[in-house]
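Enquirer: sequence and predicted structure below; questions after.
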Amino acid sequence: MKFFLLAGERSGDLHGANLIRAIRRHDPQAELRAWGGDDMEAAGATLLRHYRDLAFMGFWEVLKNWRALRGLMRQCQEDIAAFGPDAVVLIDYGGFNLRLARFAKQQGINTFFYISPKVWAWNQHRALRIKRDVDRLFVIFPFEVEFFKKYDYAVDYVGNPLFDAIAAFRPDPLFLEKNNLGGKPIVALLPGSRRQEVESILPDMLRAVKHFPNHQFVVAAVSNLPRDLYDRLLGDLRLPLVTDAAYDLLAHAQAALVTSGTATLETALLNVPQVVCYRTSFLTYEVAKRLMKVPYISLVNLVAGREVVSELIQGDLNEKRLVSELEKVTIDTESRARQLESYVEIRRMLGEEGASERAGELMVKYLREGIQNEKTG
């Protein structure tokens, strides 16, 4: 069978790669083409375009680049039409992928969506678009099953794919030696994988450095962004950078400052106390604030249903608050212990590894048996 997959960001590339391997186990003759990244290509997909070309985030940023995005959408549609897949598999990246789902549906192509857009957080009416355009939705949080029931839409809960990624992770025993790290406790800085995130948030994170002379701060860089971007933002600060090694960095970190997104949950599952940071453009924030339907932005707090980690958003992401909250997860042993205890609860709530395997098996099964658009009773 033929699969066309699209992942628009780094985390989607990781989960897409694991999904591709699962699909191949259940359909060894599967032909796969993708818009994604290096991991998906290494897993066996023919890569047509890299996700770095799709790295726009926020309302204002998308608006500024609307013409470019329209061009990319047309090209993606042409690639799908030329390939003629049995199924289009959309991985997270809601704004772009929901439009692509509509196109695939109109062309009579089976549509799978793996890792639901966060419609439960804002713009909940998009659940109706998913119901209309997506044949099968594979969700990764237990509460998403009940959410979609409100829209008379049955979904497949497969578990969280981060367990797969973390289970496959093997720490590099020479990581500290290779990167000349040692002695002082490490605070990991995870400023994100998109240029806009890094430019907006890393400078704020760096303001904490001078207040913690007994710690060493290490930046988690990504190879899809140029090294000179980090060098420019670091300026006179001579902080070490490690590239594409966030898990190894977290495995040795005492605490972390983390940009809101998938990385917050990864940090929790790797058992590192953290402070969540987020800043975006004024327009994007004002629009999002009015549309948000949930009390938190970090996945850690959303899964727990309460505040487990501090969230420093927009104006709260200032030097005073940053230092205060970082002290709680480095120096204050009681605060650290409470956060780590809550992580145990979160791991229990999310289940176990195997999400990618379950999703891949179901996708092949649905195609072989004929997809049924079920309704909840």
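Expert: In hand now; what should we look at? Numbering: from 1, shown residues only.

Enquirer: report how many residues lie close to residue 173.
Expert: One way to gauge burial is a neighbour count; for residue 173, by other CB atoms under 10 Å, it gives 9. Every residue, glycine included, has its C-beta placed from N, CA and C.

Enquirer: quick check on it: phi, psi?
Expert: Backbone dihedrals for residue 173, given as degrees, to the nearest 10, come out at phi -60, psi -20.

Enquirer: do the one 10 residues further on as well
Expert: Dihedral angles of residue 183 (phi, psi; degrees, to the nearest 10) stand at phi 90, psi -90.

Enquirer: my guess is it meets residue 216, correct?
Expert: Yes: under the criterion of CB atoms under 8 Å, residue 183 is in contact with residue 216, at a separation of 7.4 Å.

Enquirer: which of the two has more neighbours?
Expert: Neighbour comparison, residue 183 and residue 216: the larger count goes to residue 216, with 18 against 8 (by other CB under 10 Å).

Enquirer: could you measure the more buried one against residue 243, distance?
Expert: Applying CB to CB, to the nearest Å, one obtains 17 Å for the distance of residue 216 from residue 243.

Enquirer: residue 2 - how many residues pack around it?
Expert: Around residue 2 there are 15 residues (other CB under 10 Å).

Enquirer: name all residues that make contact with it.
Expert: When contacts are counted by CB atoms under 8 Å, 6 or more residues apart in numbering, residue 2 touches 30-33, 83-87.

Enquirer: what residues of stretch 147-158 count as buried?
Expert: Buried residues in stretch 147-158, defined by neighbour count with 16 or more other CB atoms under 10 Å: 147-148, 151, 153-158.

Enquirer: just these: which are in strands?
Expert: By the criterion of DSSP state E, membership of those in strands covers 156-157.

Enquirer: out of the contacts of residue 2, which is most surrounded?
Expert: Going by other CB under 10 Å, residue 32 tops the contacts of residue 2 with 26 neighbours.

Enquirer: narrow the contacts of residue 2 to those in helices?
Expert: residue 83 (DSSP state H).

Enquirer: mark which of the contacts of residue 2 are part of strands, please.
Expert: Among the contacts of residue 2, DSSP E puts 31-33, 87 in strands.

Enquirer: adding pLDDT, write the residues you listed out as TSV.
Expert: Conversion of the ones in strands among the contacts of residue 2 to TSV gives the following (pLDDT from 0 to 100):
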residue	pLDDT
31	98
32	98
33	98
87	98
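
Enquirer: would a markdown table of those residues with distance to residue 166 be doable?
Expert: Below are those laid out as a markdown table (distance: CB to CB, whole Å):
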| residue | distance to residue 166 |
| --- | --- |
| 31 | 30 |
| 32 | 24 |
| 33 | 28 |
| 87 | 28 |
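
Enquirer: and the residues you listed, which is closest to residue 13?
Expert: Ranking the ones in strands among the contacts of residue 2 by separation from residue 13, with CB to CB as the measure, puts residue 32 on top at 13.5 Å.

Enquirer: next, count neighbours for the residue nearest to that closest one when sequence neighbours are not counted.
Expert: If the residues on either side of it in the chain are set aside, residue 32 comes closest to residue 45, at 4.2 Å by CB to CB, 6 or more residues apart in numbering. Residue 45 has 27 neighbours, counted by other CB under 10 Å.

Enquirer: report the contact partners of residue 45.
Expert: Per CB under 8 Å, 6+ apart, neighbours of residue 45: 5, 16, 20, 32-34, 36.
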